[in-house]
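**Q** whatever this is, show me its structure:
(one chain, ligands or ions: 1)
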Amino acid sequence: MMLEIHTLSKRYGETVALAGASIAFRAGTIHTILGENGSGKSTLVKLLSGIVQPDGGTMLLDGTPFSGRRPAEFQAAGFATVFQEVLIAPDRSVEDNILLGLDGLVHRRIPRDRRRQTAADALARFAVTPVPLDVKAGSLPLAAQQLIVLARAVVRRPRVLILDEVTAALDYADRESVFSLMRQLAAEGSLLLFITHRMDEVMSLSDRISILRSGKVVTTEERGLSTPAELLKAMAPQTAAELLHV
Ligand SMILES: Nc1ncnc2c1ncn2[C@@H]1O[C@H](COP(=O)(O)OP(=O)(O)OP(=O)(O)O)[C@@H](O)[C@H]1O
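**A** Okay, the predicted model is just below:
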């Protein structure tokens, strides 16, 4: 297994956000995390990015215990996360934003003439909408900013790419293009962790699906084993009963 989490737990005061979550993630797959609001998805994403630290549990990378605690350690181990909130440096150029942190990461500065090409190549892998490299990132619409943070993740060639509700702001062409990039990266051997609310995306993209409910993993299964209605029922039995009259 490329990545395993074992009984990961996280509390915020009285609130148990994750209550002993265990999932085995395979290289070369798109693995979707499904769950209602408050089920613990964002907490899991933050734990796998080094933004918050677990209260208990372990992680294994390629079968070896991984004890990273800070974002830099996760990045060095090949993790990249695109968060729900678009995190850009508004006064820096698009090019700078795409390459943000990368120079330090590889312990060597990218030569000036290579920077532009590297940033352009990362965007060209999926952005249908043209994004100028020289303007301040903050001057662009939200959809373009989302493309920039995606390019920042892609340029690192991550082994584990975590996408937390990233396609909502994108128009149809860019969204479809991001999906085809996800398939391509998985085919190249990366693990894609995909967080979405949209059942059509879940059914068309996922290789495997884990469902979180109240901080617990209720199932991890291959796509196709359950129908959308069954997945919804596992996510939220109450809501499913009302919606589906079952
Ligand atoms: N910083 C925090 N302080 C206190 N409680 C928190 C904090 N972050 C999350 N929680 C709580 O932990 C639980 C899990 O939240 P989490 O954000 O992980 O769920 P989620 O499935 O990602 O929800 P959403 O879809 O709304 O993002 C919720 O009850 C939430 O209110």
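**Q** I figured residue 156 was touching residue 74, is that so?
**A** No: under the criterion of CB atoms under 8 Å, residue 156 is not in contact with residue 74, lying 11.2 Å apart. Using the backbone N, CA and C atoms, a C-beta is placed for each residue, glycine as well.
**Q** the more surrounded of these two?
**A** More crowded of residue 156 and residue 74, by other CB atoms under 10 Å: residue 74, with 24 against 18.
**Q** where's the more buried one, which helix or strand?
**A** Assessed by DSSP states H and E, residue 74 sits inside helix 71-76.
**Q** can you pull the buried residues of that helix?
**A** 74-75 (16 or more other CB atoms under 10 Å).
**Q** other residues contacting that helix?
**A** Residues outside helix 71-76 that contact it (CB atoms under 8 Å, 6 or more residues apart in numbering) are 48-51, 68, 81, 101, 105, 156.
**Q** mind running it again at 6 Å?
**A** 49-50, 68 (CB atoms under 6 Å, 6 or more residues apart in numbering).
**Q** if we only consider those residues, which is nearest to residue 149?
**A** residue 49 (13.1 Å; CB to CB).
**Q** so what's the residue count around that closest one?
**A** Residues lying near residue 49 (other CB under 10 Å) number 21.
**Q** please list all residues in contact with it.
**A** 74, 81.
**Q** one more pass at 7 Å, please.
**A** 71, 74, 79, 81, 162 (CB atoms under 7 Å, 6 or more residues apart in numbering).
**Q** give me the subset of the residues you listed that also touch the ligand.
**A** Restricting the contacts of residue 49 to those within reach of the ligand (CB under 6 Å from any ligand atom) leaves nothing.
**Q** so which bits of the longest helix seen in the chain are buried?
**A** In the chain, with assignment by DSSP state H, the single longest helix is helix 172-187. Across helix 172-187, burial judged by 16+ other CB under 10 Å covers 174-175, 177-179, 181-182, 185-186.
**Q** by mean pLDDT, which helix or strand of this protein comes out lowest?
**A** Least confident helix or strand of the chain, by mean pLDDT, DSSP states H and E, is helix 102-105 with a mean of 61.
**Q** redo the contacts of residue 49 as CSV? Include distance to residue 123 and pLDDT.
**A** Converted to CSV, the contacts of residue 49 look like this (distance: CB to CB, whole Å; pLDDT from 0 to 100):
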residue, distance to residue 123, pLDDT
71, 23, 94
74, 24, 96
79, 21, 97
81, 18, 96
162, 20, 98
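**Q** ok, of those, which one's closest to residue 33?
**A** Distance to residue 33, by CB to CB, is smallest for residue 162 among the contacts of residue 49, at 9.2 Å.
**Q** got the angle between the helix or strand harbouring the closest one and helix 172-187?
**A** Using DSSP H and E, residue 162 maps to strand 160-164. Angle, strand 160-164 to helix 172-187, by axes from the mean of the first three to the mean of the last three CA atoms, to 10 degrees: 150 degrees.
**Q** neighbouring contacts of strand 160-164?
**A** 3, 42, 45, 48-49, 78-84, 153, 185, 190-195.
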